[in-house]
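Asks: turn this into a model:
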Amino acid sequence: MTYPSDPSAFSPGLRHLLDRTILVEQRVRRAVHARQLTDPAPDDAFRGLYLSDETIQRLLDSGPRSLARTAPDETDAAFKEEAESRADEAEAAGHAVQLRMLAGGFELTPLDIEILLIALLPDLDDRFEQFYGYLNDDVTRRRPTTGLALGLCGLSAADAAARARLSPQAPLRSGGLLLVEEQDRPFLARALRVPDRVTAHLLGDDTPDPRIVDLLTPGQDIADVGDPAPLSRALAAGVPLTYLREEQGGAGTALAASALARAGQSVLGVDLDRLAHDPHPAEAVRVLAREARLTASGLVCAPLDALTREPDKGEIIRLVTDVSVPTVLVGRVPWDAAWSSRPPLLLHAPRVEPTTRATLWTKAYPVPTPQDQDLNPDLNPDLDLTHLLSPFLLAPDQIVRAAQGAAQAAMLDGGTLHADHIRAGARAQNAAGLDRLARRIEPAVTWSDLVLPPDTLTQLRELTARARHRDRVLGEWGMRPGGGRGRGVSALFAGDSGTGKTMSAEVIAADLGLDLYTVDLATVIDKYVGETEKNLERIFSEAAGINGVLLFDEADAIFGKRSEVKDAHDRYANVESAYLLQRMETFDGLAILATNLRANLDDAFTRRLDLVIDFPVPDATQRRALWDRCLGPALPRTADLDLDFCANSFELAGGNIRSVAVTAAYLAAESGTPVTMADLIHAIQREYQKLGRLTLASEFGPYMSLLATD
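Replies: Here you go, the predicted structure:
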């Protein structure tokens, strides 16, 4: 192997690698020359493909022999000294010398390096395929064998210490730097190969191994959240394993990245959710560990919850925790000592508070240039980011994506950034798991659509304020100490059907910029013992990963009173209620229970609720507003609609009035005329029939004749 005309064109690291391979080449040349001198048939065109009778007889006559060894000579020693001197100068000047860094990172001995270079040569110069085929006396075997490598290093094949450097536990193989192939062959005849990723690293290319590209997360931004100093000191002191437990919106990955950076290491983020679905996780973990050691990185693995949902994933946790690089696991579940043979350092990751969210969001928002001013407009100073983002529990990486999503939405909407764009970008970070367990509703109503008594409206606004400021009150001010309670907000909406409970929940979600998730009881209730609790746990667990309002309609069906235990059914029903009592306290989101039968709920639930809001049947004044609101401005009406009469005569809830308005609209559409009083009276009669009420002349008054005529 020779340099090109200008060796200075190479980087110092690559030049050092080539210097060392030149030394190996000299020994290969001497070995080839020695083989030629002793070759009985150098001109045989088929040598290496068969064994002739003469060759067999020569081997028998030679008797016991020592394996040929090719040790370095004095010229090699001088050249090596010169090469190492140049490498010393390069390192002193701050240049990376990959071979030396590899030797230090994987704890390689000088012999390990020589063996690695011998195996590497065919990947740097294709002539060595033929050289090795010649030395192996088999043109089909174009890689060095273990016996050939030991011989080129000047060592005997019977040297136990030398052979041990090629064992599976030795650094070369355990670190994934060298592959010993053809395991069915005798030890000395097994081929040696350097993985392509290691070759690329030695040549200065640190593109991640294709095997693990899909498992890596984007580069972790060093966010100013929490204090990374304690973890950084632990990592610098050599603590191999750390578990950062976080809550929703926690800064675990950002804190780990900051700590590793302070400790002088790069960050390799691993998506454990994808690793959990990898068909060969053990192989993936080995490649991840090698990648981290090649790049002097620590592993930041999240979320650990992905490996704890199924019992058969426990082996993956053990694989991840046993790697020989600094590893920081991030998750929300409590640590189980059975997961790892070595105890981790247990720390708590702080939550990103509202003011910090606004700061991170501003930093992440794409800065417009004169060329793309219309695409990424400047931030509107009138937008209160702290207020807008306060309901959203977002991790730093989610905040970055939310800011980018808001910029894209603004671009499609004319280039002006609005509050709705910010909220939409934040909502887009929600996980999709809850969609399989609950019905998601995108709020389309506002406070102006509600027709409720003043006190009820006031309580709804108080509930919204609790959800918006819970991080400040419960977090910064510590107003809910002890008991392991979360920062969740819960309320009970009690009232007859159609009094506005669901719409009020939708209005609250709209005001906060959140989605509304209505829990379908069909996905919860199960006749088998214990299954209802499991279904509810899945809902609460998925809800912890989203920013939304969780609505349990007909809540008395699952949050009912505990009763005296008379049989097994009572006992299991009480267990279900007790579980719900505990789970509601630890829930970290916004939950609303809606019921028509408040008296059926257990008193212990009401104590744990932040607000209990009653929704009374509307009075005549409210019904008048509801009639006008439900008919809407777009529906054509005749001038004779007597809405005052309807409001005073028919005691209907808002939901019933809306149903009547829709029925009347269908009648008008069929007749091709505006809505008439006759249409309205007929629709009211149909609603009465649904409700099981009698059609009385005392209620319909002068319009009773319209029904008789009909």
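Asks: so who does A161 touch?
Replies: Counting by CB atoms under 8 Å, 6 or more residues apart in numbering, A161 touches no other residue. C-beta coordinates here come from the backbone N, C-alpha and C atoms, glycine included.
Asks: now it: how far from R173?
Replies: Distance of A161 to R173, computed by CB to CB, to the nearest Å: 16 Å.
Asks: same check, this time on N648
Replies: Following CB to CB, the distance that separates N648 from R173 is 90 Å.
Asks: V97 against H16, yeah?
Replies: Yes. Applying CB atoms under 8 Å, one finds V97 in contact with H16, separated by 5.1 Å.
Asks: which one of these two has more residues nearby?
Replies: Set V97 next to H16 and count neighbours by other CB atoms under 10 Å: H16 wins out with 24 against 21.
Asks: which non-adjacent residue is nearest that one?
Replies: Counting by CB to CB, 6 or more residues apart in numbering, A87 is the residue found nearest to H16 once chain neighbours are left out, at 4.4 Å.
Asks: what's the weakest-modelled helix or strand in the protein?
Replies: helix 53-62 (a mean of 53; mean pLDDT, DSSP states H and E).
Asks: check which helices and strands the longest helix along the chain sits against.
Replies: Identified as the longest helix of the chain according to DSSP state H is helix 12-38. Helices and strands touching helix 12-38, by 3 or more CB pairs under 8 Å, 6 or more residues apart in numbering; DSSP states H and E, are helix 74-92, helix 98-105, helix 110-124, helix 127-135, helix 146-152.
Asks: doesn't A494 lie inside a strand?
Replies: Yes. Assigned with DSSP: H, G, I helix; E, B strand; the rest coil, A494 falls within a strand.
Asks: can you read off the pLDDT for the closest residue in space to it that isn't next to it in sequence?
Replies: Nearest-residue entry for A494: R598, 3.8 Å, with adjacent residues in sequence omitted and distances by CB to CB, 6+ apart. At R598, the predicted lDDT confidence score is 74.
Asks: buried residues, the helix or strand hosting I316. List them.
Replies: Here I316 sits within helix 314-321, counting by DSSP states H and E. Neighbour-count burial for helix 314-321 flags I316, I317, L319, V320, T321 (criterion: 16 or more other CB atoms under 10 Å).
Asks: how is L268 assigned, secondary-structure-wise?
Replies: strand.
Asks: and R233, by the same measure?
Replies: Taking three-state DSSP, the label given to R233 is helix.
Asks: what sits against it?
Replies: By CB under 8 Å, 6+ apart, the contact set of R233 is empty.
Asks: what about it, distance to L345?
Replies: For R233, the distance to L345 - CB to CB - is 11 Å.
Asks: with E699 instead?
Replies: Counting by CB to CB, the gap from E699 to L345 is 74 Å.
Asks: for G632, same thing?
Replies: 61 Å.
Asks: okay, these two: which has more neighbours?
Replies: L345 (15 against 11).
Asks: pLDDT value on the closest residue to that one other than its chain neighbours, please?
Replies: Using CB to CB, 6+ apart and skipping residues adjacent in sequence, the residue nearest L345 is T242, 4.5 Å away. For T242, the model assigns a pLDDT of 96.
Asks: host element of T242?
Replies: Assessed by DSSP H and E, T242 sits inside strand 241-245.
Asks: that strand pairs with which strands, parallel or anti?
Replies: If you go by DSSP bridges, strand 241-245 pairs up with strand 327-331 (parallel), strand 345-348 (parallel).
Asks: report the backbone C-alpha coordinates of it in CSV.
Replies: Extracted as CSV, the C-alpha positions of strand 241-245 are listed here (Å, rounded to 0.1, in the frame of the first residue of the first chain):
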residue,chain,number,x,y,z
LEU,A,241,-26.7,3.5,34.5
THR,A,242,-29.2,6.2,35.4
TYR,A,243,-33.0,6.2,35.4
LEU,A,244,-34.7,9.6,35.1
ARG,A,245,-38.3,9.3,36.0
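Asks: got the contact list for it?
Replies: With CB under 8 Å, 6+ apart as the criterion, strand 241-245 contacts 231, 234-235, 252, 255-256, 304, 321, 326-335, 340, 342-349.
Asks: now stretch 19-26
Replies: 1-2, 72, 75-76, 79-80, 82-83, 86-87, 99, 113-114, 117-118, 120-121, 124-125, 128, 152.
Asks: can you select the buried ones among these for me in PyMOL?
Replies: Typed into PyMOL, the line below selects the buried ones among those, using 16+ other CB under 10 Å:
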select buried, resi 1+72+76+79+83+87+99+113+114+117+118+120+121+124+128+152
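Asks: which of the helices or strands spans A431?
Replies: Counting by DSSP H and E, A431 is part of no helix or strand.
Asks: tell me how many other residues surround the closest residue to T145 other than its chain neighbours.
Replies: Distance criterion CB to CB, 6+ apart; nearest residue to T145, sequence neighbours excluded, is A189 at 5.4 Å. Neighbour count for A189, taken as other CB under 10 Å: 15.
Asks: do a quick rundown of the helices in the stretch 301-450 of the chain.
Replies: Taking DSSP state H, counting those that start in this stretch, the helices of the stretch 301-450 of the chain run over residues 314-321, 354-364, 385-389, 396-412, 419-427.
Asks: could you list the low-pLDDT ranges of the stretch 51-200 of the chain?
Replies: Within the stretch 51-200 of the chain, the segments meeting pLDDT under 70 span 51-75.
Asks: let's see that with 80 instead.
Replies: For the stretch 51-200 of the chain, applying pLDDT under 80 flags the ranges 51-77, 79, 139.
Asks: quick one, domains of this protein?
Replies: Domain segmentation of the chain under automatic domain parsing yields 7-202, 213-348, 357-388+395-428, 447-615, 620-709.
Asks: want to throw those into a markdown table with distance to L437?
Replies: Below are these laid out as a markdown table (distance: least, CB to CB, whole Å):
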| stretch | distance to L437 |
| --- | --- |
| domain 7-202 | 41 |
| domain 213-348 | 14 |
| domain 357-388+395-428 | 18 |
| domain 447-615 | 5 |
| domain 620-709 | 25 |
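Asks: on that earlier part again, of the contacts of strand 241-245, buried ones?
Replies: Buried among the contacts of strand 241-245 (16+ other CB under 10 Å): 231, 234-235, 252, 255-256, 304, 321, 326-332, 340, 344, 347, 349.
Asks: list the residues that contact L389.
Replies: Counted by CB under 8 Å, 6+ apart, L389 has contacts P354, R357, A358, W361, I399, I422, A426.
Asks: wait, doesn't T663 sit right on A683?
Replies: Yes. The pair T663 / A683 is scored as a contact, 3.8 Å apart, by CB under 8 Å.
Asks: where do the strands sit along the protein?
Replies: 179-180, 192-193, 241-245, 266-271, 297-302, 327-331, 345-348, 438-441, 489-495, 515-519, 548-552, 590-595, 611-615 (DSSP state E).
Asks: turn those into a markdown table, including distance to P481.
Replies: A markdown table is the format used below for the strands of the chain (distance: least, CB to CB, whole Å):
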| stretch | distance to P481 |
| --- | --- |
| strand 179-180 | 57 |
| strand 192-193 | 61 |
| strand 241-245 | 19 |
| strand 266-271 | 34 |
| strand 297-302 | 28 |
| strand 327-331 | 24 |
| strand 345-348 | 16 |
| strand 438-441 | 31 |
| strand 489-495 | 17 |
| strand 515-519 | 29 |
| strand 548-552 | 25 |
| strand 590-595 | 21 |
| strand 611-615 | 21 |
